[in-house]
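A.B. asks: What follows is a protein structure lacking sequence information:
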């Protein structure tokens, strides 16, 4: 009876040990699969981090170009604004000079008209005097 019970326990122990070994093998396989998945995910993370770094670098480069372009355009705008201010000032001076010249021309024309009228009167007087002097001996 003891021998039969011992034999039965040994068989049961062997079955349990076999189940244990199978369970350990399955666990080891799952651990291996999980380790492979972890490595795969680590590679993916590494690739994504590299892509992110490259995108950041590209964005920074693009931003630097935009900043330089904005600075250039700003400088150009400032230069054009200064030129515009100078042109407005020059235009104002030319308009003022033009106004002075117009006034001068008006005055000179008025003087010329007066002189022409006076010359006409003087001619008439000279002609009148010549006529009168022609009638006198």
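C.D. replies: Happy to help now that I have it. What you see is a predicted model; the values in this text were computed from it and never measured.

A.B. asks: where exactly do the helices run in this protein?
C.D. replies: Assigned by DSSP state H, the chain shows helices spanning 2-135.

A.B. asks: Pass me the low-pLDDT residue ranges in it, would you?
C.D. replies: When residues are selected by pLDDT under 70, those of the chain lie in 136-137.

A.B. asks: which residue ends up closest to the midpoint of the chain in space?
C.D. replies: In the chain, the centroid-proximal residue (Cα atoms, centre = their mean) is residue 70; its distance is 4.1 Å.

A.B. asks: do you know how far that residue is from residue 56?
C.D. replies: 20 Å (Cβ to Cβ, to the nearest Å). Where C-beta positions appear, they are placed from N, C-alpha and C, glycine not excepted.

A.B. asks: what does residue 131 give?
C.D. replies: The span separating residue 131 from residue 56 equals 109 Å under the rule Cβ to Cβ.

A.B. asks: And residue 104, by the same measure?
C.D. replies: Counting by Cβ to Cβ - residue 104 and residue 56 are separated by 71 Å.

A.B. asks: what do you get for residue 4?
C.D. replies: 76 Å.

A.B. asks: Over to residue 16?
C.D. replies: The gap separating residue 16 from residue 56 is 58 Å, by Cβ to Cβ.

A.B. asks: Residue 18 now?
C.D. replies: Relative to residue 56, residue 18 is positioned 56 Å away (Cβ to Cβ).

A.B. asks: Likewise for residue 92?
C.D. replies: Distance, residue 92 to residue 56, by Cβ to Cβ: 53 Å.

A.B. asks: likewise residue 43?
C.D. replies: Between residue 43 and residue 56 the computed distance is 20 Å (Cβ to Cβ).
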